[in-house]
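[1] I would like the atomic coordinates for the input below:
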Amino acid sequence: MNTENLNTQELETLRTLLNKMAGEPQTKIYIDPVNKMIDNIMDEFNFARVQNAMDHLNWKWVGEYVTIEMLREEARRLLQGAMFARLHEYKDEHWELGIHHCTGGFEATAFCNESKTKITGLELKFILNSWDESIED
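    Predicted coordinates for the structure are as follows:
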């Protein structure tokens, strides 16, 4: 089998299947550092604290109680969306500007390198309140 023509997802699927057949413990192999950044955020972000705050505020999404799994799915979607937008839709924006994808209290931000060819940073926030003002010249 020639694995050189497989994309990242196909390689990950193949590795998962081979590990299951061999009975080896599964380890994550990262070909794309952005996926590693997203997984690290997903592992370290305190989704239980977010859910607790939402419970205390009786905060729902479209009238539905929000589970931790829903929070995790939406956070991952926003991170991936911000990353894609930074490198594609908003590629003409200044490279130092982070591109935000936000909804339901979450704010995901993606930063890129000066040549706008790769993501250099990702950030995930859950915001309860914010305020800013500015004076235009």
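[2] residues contacting residue 34?
    Contact partners of residue 34, counting by Cβ atoms under 8 Å, 6 or more residues apart in numbering, are 83, 118, 119, 122. C-beta coordinates here come from the backbone N, C-alpha and C atoms, glycine included.
[3] Repeat the analysis, applying 6 Å as the threshold.
    Counting by Cβ atoms under 6 Å, 6 or more residues apart in numbering, residue 34 makes contact with 83, 119.
[4] Kindly report the same for residue 101.
    Residues in contact with residue 101 (Cβ under 6 Å, 6+ apart) are 78, 81, 82, 108.
[5] what's the answer for residue 79, then?
    By Cβ under 6 Å, 6+ apart, the contact set of residue 79 is 38, 108, 122.
[6] what would the residues you listed look like in CSV with secondary structure?
    What follows is these, written out as CSV (DSSP: H, G, I helix; E, B strand; the rest coil):
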residue, secondary structure
38, helix
108, strand
122, strand
